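Asker: Predicted model and sequence follow; I will ask about them next.
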Amino acid sequence: MQGKVAVVTGGARGIGRATVLALAKRGARVVVNDLHSMDEAQVVAREVEAAGSTALVQQADVADRGQMEGLFEAAVARFGRVDIVVANAARNVRKPLLELSVEDVEATWGVTQWGVFHACQLGARQMVAQGGGGSMVVVSSIHSFRPYSGASAYNGAKAAVNQMAKTWALELADHGIRVNVVEPGWTDTPGERGYFTEEELAAGGGLVPLGRLADPAEIARAVVFLASDEASYLTGAVLRADGGYHLRH
Ligand SMILES: NC(=O)c1ccc[n+]([C@@H]2O[C@H](COP(=O)([O-])OP(=O)(O)OC[C@H]3O[C@@H](n4cnc5c(N)ncnc54)[C@H](O)[C@@H]3O)[C@@H](O)[C@H]2O)c1
């Protein structure tokens with residue numbers, strides 16, 4: 001990872017933040033993207049610097065093509081190249097089918113599906129332009145295959161990004177670019193804490209065979225493994241990091 005340049009979307013909080021820190025600890029220079037939590041993004045950047053690496057904070061809405069083009073231009077202007085893309089940011093407007101508006105679905109797909117498309121297409125184009133090689137990791141979800149009631153737009157977007165990632169793995173193999181997917185199970189992040197109380201999260205942990213929710217750092221380790229040269233023969237793979245949740249439910 002030493003000296004490699006990584007772009008992490010939604011890097012200010014949760015799994016994205018943990019991924020930024022894990023990449024930096026291994027020597028990667030990191031572009032920390034976020035849209036909402038820019039104060040937290042600055043804190044993460046300082047933690048990257050404290051780990052002895054370099055960070056560039058770049059505010060952009062992953063759903064906005066122009067802003068994402070600006071993000072990659074800024075990354076290349078600062079670091080000269082992009083070696084790793086982690087497409088992590090997502091949005092989930094949680095409503096049952098009977099209540100969803102078209103705007104709810106578009107907002108969810110904009111971030112969760114188009115955001116992954118923009119990050120990976122722009123990242124791949126940059127990797128090819130610099131001579132090929134590189135690694136992209138899509139942070140999906142166990143809800144790509146297991147329906148979570150009240151989140152059909154999100155579940156559908158996660159299924160779509162899995163299938164897009166596998167297709168890109170096929171298309172980009174000739175360029176030496178690997179594309180893989182991590183499917184987290186229930187993870188204790190600020191996003192989840194916006195929906196559930198401490199008691200509900202603890203009870204949720206009881207549903208997991210390993211007996212607890214994931215720590216974001218545990219998901220980040222799976223992401224960093226796939227992003228690294230240690231995973232040199234893995235492309236189109238789906239790594240499920242869910243404490244065994246899918247075995248029971
Ligand atoms: N937490 C879980 O239980 C869980 C389970 C399965 C999958 N995931 C997936 O893991 C990823 C990270 O989830 P998390 O729980 O860490 O989320 P989180 O809400 O804690 O953090 C997400 C980050 O993304 C940023 N973000 C949101 N919209 C953005 C946009 N349009 N552009 C740029 N940044 C944006 C947010 O500001 C935030 O910093 C997502 O893809 C999510 O679907 C999470």
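Answerer: Alright, I've got the coordinates.

Asker: Which parts of the protein are helices?
Answerer: 14-25, 38-50, 65-79, 102-109, 115-129, 152-172, 190-193, 198-205, 216-227, 245-248 (DSSP state H).

Asker: Torsion angles phi and psi at the residue nearest to the spatial centre of the chain?
Answerer: For the chain, residue 88 is the residue whose C-alpha lies nearest the centre (CA atoms, centre = their mean; 1.7 Å). Backbone geometry at residue 88, expressed as degrees, to the nearest 10, gives phi -110, psi -30.

Asker: Tell me the spacing between it and the ligand.
Answerer: Applying CB to the nearest ligand atom, to the nearest Å, one obtains 5 Å for the distance of residue 88 from the ligand. Yep, even glycine has a C-beta here, placed from its N, CA and C like the rest.

Asker: quick one on the thing from earlier: output the helices of the chain in CSV; the columns should cover distance to residue 95.
Answerer: Shown next, in CSV, are the helices of the chain (distance: least, CB to CB, whole Å):
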stretch, distance to residue 95
helix 14-25, 22
helix 38-50, 27
helix 65-79, 26
helix 102-109, 6
helix 115-129, 20
helix 152-172, 8
helix 190-193, 16
helix 198-205, 19
helix 216-227, 26
helix 245-248, 23
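
Asker: Quick check: which of those helices is buried the most?
Answerer: Highest mean neighbour count among these (mean count of other CB atoms under 10 Å): helix 14-25, with a mean of 27.

Asker: Next, the angle helix 216-227 makes with that helix.
Answerer: Here helix 14-25 points in a direction 60 degrees away from that of helix 216-227 (axes from the mean of the first three to the mean of the last three CA atoms, to 10 degrees).

Asker: Could you see whether the ligand lies near helix 14-25?
Answerer: Yes - against the ligand, helix 14-25 shows contacts by CB under 6 Å from any ligand atom at 14, 15, 16.

Asker: on that earlier part again, with distance to residue 142 and mean pLDDT as extra columns, can I get the helices of the chain in TSV?
Answerer: Formatted as TSV, those follow (distance: least, CB to CB, whole Å; pLDDT from 0 to 100):
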stretch	distance to residue 142	mean pLDDT
helix 14-25	13	98
helix 38-50	26	98
helix 65-79	26	98
helix 102-109	17	98
helix 115-129	16	99
helix 152-172	9	98
helix 190-193	14	94
helix 198-205	13	94
helix 216-227	12	98
helix 245-248	5	93
